[in-house]
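In: Just the structure for this:
(2 chains)
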Amino acid sequence: MHIHFLDPYQSGSSLIHNTDARVKLILVLAFIFATALIPVGAWAVYALLLVIVLASEFLSGIGLGYFLKRATLALPFILAALPLVFTIPGIPLFGFTIGPWDFSASSLGLERFASIALKSWISIQMAVLLTATTPFPDILVGMRSLKIPRLLVAIFGLMWRYLFVFADEGLRLLRARAARSGVSENPGLRSGGTISWRAQTTGGMAGNLFVRSIERSDRIYAAMLARGYDGEIRSLPQMKMQSFNWAVLFLGGVIIGLVLALSILVGN
Amino acid sequence: MLLSAEAMHIPDGFLSFFVYMLTWIISILLVGYALRRVGRDLDERQLPMMGVLAAAIFAGQMLNFAIAGGTSGHLMGSALAMILMGPWAAILIMTSVVSIQALIFQDGGLLALGANIFNMGIVGVAVAYMVYQTIIKFSGKNKKGVLVAGFSAAWISVFIAALFVALELVVSGTSPARLAFPAMAGVHALIGIGEGLITVGALTFMLSARPDLILGEQTSRTGARLVWLTGLILAVVLVIAAPLASSRPDGLEWVAMQTGFIDQAQASFYQIIPDYLLPGVANEALATIAAGLLGILIIAGVGLGVAYTRRKGKFFGS
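Out: Numbers count the residues shown, from 1 in each chain, chains lettered A, B, ... in the order given. You can find the predicted model right below:
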């Protein structure tokens, strides 16, 4: 079994897929940045942002379900903001008592919590859209054009190239462990040793993975030398942007600008 | 989220503008410096090694072991990367791991990437280096010393990084101090033990399979007094600040309020503008109508765009 399913890229030929990776990277970052700037409780603006995200998702031709599923990833973190509902003073909405503690929810706290959750949900969907419609090598090219240092982009690229190889190795290690571990059908019987023993076994597997990776990197280095590597990292020259991409960049910029302008109007 | 190491990856939407910017600035400066250091001292061979090791750490985070009640422990890897490659290269490796997680797998936000690089890449590596080097100095570079130093470095890297997550959330006004600190500290003191045990297991394996990787002296490992000092300062500041902050939250909440003022200044900026934005539309009702029209215009534009490209798509058969 190979672990290609890790790659979130969904091939397609939609407008969004065909847009230059540099344009998408810039617009997605600008969109998330703008989302962060919108003040708490500006519901109309949030709705607008959501419409833009949903429209872009619809345009990509990938089912909306895919985005909704991936966007739930950040959901557990919402717990961190939950206490706000009860700790921000304000007009109490409802209250309850658990043991010695009294909880009373304030509307201000609730508003702040809902804003955080909504902003987070909107931002993550835009990020999912970027990776679902852009092959990672194209994103790397986009990063180069955003002046991210060559060495860092080279490490990103190498990491991406071998990610699937090592994910496969990791899966093989896990399968080997499962194959050698007995589990009793009697739920009362605990399988495996102590937690410390189990952790050390897992550590052995991790160490195995690292030794293999370092030995593989020696072979990769030899292969790079054989192909003329001299310590200098070279990358292909940037492609010229077509006028279509300039148009998308301009339109996207205008939309984000309008949303920010609107948030100023609604802010009162 | 408080039950898994995933609590380390902050998504977008949770930090205040001030914290986003501050963590980005610190991360860019330190990663930039690490890039210069590694670029200067780089043995050519280390470029593929850093990329491949970053991939291996990503895969290593998949390996898990059952603890109890459906929870499982797994690896963050800052300490192991530091032990294998030295602090500067480890900062770059962890930066790559965290960046790819955010970019490709949405594990952590894009705007929050600065904070996540800072927590796991810089704090995690620096405090691990500080503890590891200090213990090795006393014990000498033998098997037992390496294992003890490795366990301690792994534990503290998780613990302090988690406290920084709490600090960022509190300063952003997202979590209350008297809850965030004890919760994050308590849970990650345990998760850190898991990290420590896995690290010891990995080191034991490597010490018998390839002892040269651990015990050998590598050029990149030397001359990192700056990292040692940074690690010490970060650890000391938080270990002192966290109990103080959770027992007497006034201090941090004051910071949150100060940065909250920045947000509020932003909000009042929003309040002032409408009076001046559209001259002649000083009337509040008119401004609201204008805002509504603008919103309808944007929605109509987006909708028309979608409809248009859909129709065009049919002609081109895409």
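
In: the strands in chain A, which residues?
Out: A:92-98, A:101-106 (DSSP state E).

In: same question, the stretch 1-150 of chain B
Out: All strands of the stretch 1-150 of chain B, identified by DSSP state E, counting those that start in this stretch, fall at B:64-66, B:72-74.

In: These: lowest mean pLDDT?
Out: Of all the strands of the stretch 1-150 of chain B, the minimum mean pLDDT falls on strand B:72-74 (a mean of 66).

In: in the stretch 51-200 of chain A, which ranges drop under the pLDDT threshold?
Out: A:74, A:89-90, A:97-103, A:188-192 (pLDDT under 70).

In: again, only using 80
Out: The stretch 51-200 of chain A contains residues with pLDDT under 80 at A:72-108, A:181-195.

In: how about the helices in it?
Out: For the stretch 51-200 of chain A, the helices defined by DSSP state H, counting those that start in this stretch occupy A:64-71, A:84-87, A:107-133, A:136-145, A:150-180, A:195-226.

In: Restrict the fourth one to CA atoms and write it as PDB.
Out: Extracted C-alpha coordinates of helix A:136-145, given in PDB (Å, rounded to 0.1, in the frame of the first residue of the first chain):
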ATOM      1  CA  PHE A 136       2.800  21.500  -4.300                       C
ATOM      2  CA  PRO A 137       5.800  22.000  -6.700                       C
ATOM      3  CA  ASP A 138       3.800  25.000  -8.100                       C
ATOM      4  CA  ILE A 139       3.400  26.300  -4.500                       C
ATOM      5  CA  LEU A 140       7.200  26.100  -4.100                       C
ATOM      6  CA  VAL A 141       7.600  28.100  -7.300                       C
ATOM      7  CA  GLY A 142       5.200  30.600  -5.800                       C
ATOM      8  CA  MET A 143       7.200  30.800  -2.600                       C
ATOM      9  CA  ARG A 144      10.400  31.600  -4.500                       C
ATOM     10  CA  SER A 145       8.600  34.500  -6.200                       C
END
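
In: who does that helix touch, helix- and strand-wise?
Out: Secondary-structure packing of helix A:136-145 (3 or more Cβ pairs under 8 Å, 6 or more residues apart in numbering or on different chains; DSSP states H and E): helix A:21-37, helix A:150-180, helix B:87-105. Backbone N, C-alpha and C define where each C-beta goes, glycine included.

In: can you list the residues that contact that helix?
Out: Residues outside helix A:136-145 that contact it (Cβ atoms under 8 Å, 6 or more residues apart in numbering or on different chains): A:7, A:9, A:20-22, A:24-26, A:130-131, A:134, A:150, A:153, A:156-157, A:160, A:235-236, A:238-239, B:103-104.

In: Walk me through the domains of the chain.
Out: Answering for chain A, as no chain was given. Domains of chain A are assigned by automatic domain parsing as A:7-145+A:241-266, A:149-179+A:200-235.

In: My question was about chain B, not that one.
Out: Segmentation of chain B into domains, based on automatic domain parsing, reads B:5-261, B:281-318.

In: Which of the ones you listed has the highest mean neighbour count?
Out: domain B:5-261 (a mean of 22; mean count of other Cβ atoms under 10 Å in any protein chain shown).

In: Figure out how far it is from the centre of its chain.
Out: 8 Å (Cα atoms, centre = their mean, to the nearest Å).

In: what does stretch A:233-250 give?
Out: For stretch A:233-250, the distance to the chain centre is 24 Å (Cα atoms, centre = their mean).

In: coming back round to it: possible to save the domains of chain B as a markdown table with distance to chain A?
Out: Below are the domains of chain B laid out as a markdown table (distance: least, Cβ to the nearest Cβ, whole Å):
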| stretch | distance to chain A |
| --- | --- |
| domain B:5-261 | 2 |
| domain B:281-318 | 4 |
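
In: Just give me the lowest mean pLDDT stretch among those.
Out: Among the domains of chain B, domain B:281-318 carries the lowest mean pLDDT (a mean of 62).

In: What is the neighbour count of A:G95?
Out: 11 (other Cβ atoms under 10 Å in any protein chain shown).

In: what sits against the closest residue to it other than its chain neighbours?
Out: Nearest residue to A:G95 in three dimensions, chain neighbours excluded: A:S104, at 3.6 Å (Cβ to Cβ, 6 or more residues apart in numbering or on different chains). Contacts for A:S104 were tallied using Cβ under 8 Å, 6+ apart; they are A:86, A:92-95.

In: Checking B:T174 next. Helix, strand or coil?
Out: When classified by DSSP: H, G, I helix; E, B strand; the rest coil, B:T174 comes out as coil.

In: one step back: nearest to B:T199, of the helices of the stretch 51-200 of chain A?
Out: Closest approach to B:T199 among these (Cβ to Cβ): helix A:195-226, 6.4 Å.

In: Any buried residues in that closest one, and which?
Out: Judged by neighbour count using 16 or more other Cβ atoms under 10 Å in any protein chain shown, the buried positions of helix A:195-226 are A:195, A:198-214, A:216-217, A:220-221, A:224.

In: Give me the angle between that helix and helix A:150-180.
Out: Calculated by axes from the mean of the first three to the mean of the last three Cα atoms, to 10 degrees, helix A:195-226 forms an angle of 130 degrees with helix A:150-180.

In: I'd like to know which elements helix A:195-226 is packed against.
Out: By 3+ Cβ pairs under 8 Å, 6+ apart, helix A:195-226 packs against helix A:150-180, helix B:46-60, strand B:64-66, strand B:72-74, helix B:78-85, helix B:177-209.

In: Tell me which of those lies nearest to A:F58.
Out: helix A:150-180 (28.5 Å).

In: Compute the inter-axis angle for that closest one and helix B:87-105.
Out: 80 degrees.

In: which residues does the spatially closest residue to B:Q46 that is not a sequence neighbour contact?
Out: In space, and not counting its chain neighbours, B:Q46 is closest to B:A89: 6.5 Å by Cβ to Cβ, 6+ apart. Contacts of B:A89 were listed using Cβ under 8 Å, 6+ apart, and they are B:34, B:38, B:46, B:50, B:81, B:220.

In: Out of the helices and strands packed on helix A:195-226, which gets nearest to A:A247?
Out: Short answer: helix A:150-180, nearest of the helices and strands packed on helix A:195-226 by Cβ to Cβ, at 27.1 Å.

In: just checking, B:F65 touches A:G204?
Out: No: using Cβ atoms under 8 Å, B:F65 makes no contact with A:G204, being 11.0 Å away.

In: Distance of the closest residue to chain B within the stretch 101-250 of chain A relative to A:V248?
Out: Residue of the stretch 101-250 of chain A nearest chain B, by Cβ to the nearest Cβ: A:G203 (1.8 Å). From A:G203 over to A:V248 the distance is 48 Å, taken as Cβ to Cβ, to the nearest Å.

In: from what I can see B:I136 touches B:A149, true?
Out: Yes: B:I136 lies in contact with B:A149 (Cβ under 8 Å); the separation is 5.1 Å.

In: Quick check: A:R22 touching A:M239?
Out: No: counting by Cβ under 8 Å, A:R22 stays clear of A:M239, with 9.1 Å between them.

In: Who has more neighbours out of these two?
Out: Legend: neighbour count by other Cβ under 10 Å for A:R22 and A:M239, higher for A:R22 (21 against 12).

In: count of residues packed around the residue nearest to the more buried one when sequence neighbours are not counted?
Out: Leaving aside its chain neighbours, A:R22 sits nearest to A:G142 (4.3 Å; criterion: Cβ to Cβ, 6+ apart). Burial of A:G142 is recorded as 21 neighbouring residues (other Cβ under 10 Å).
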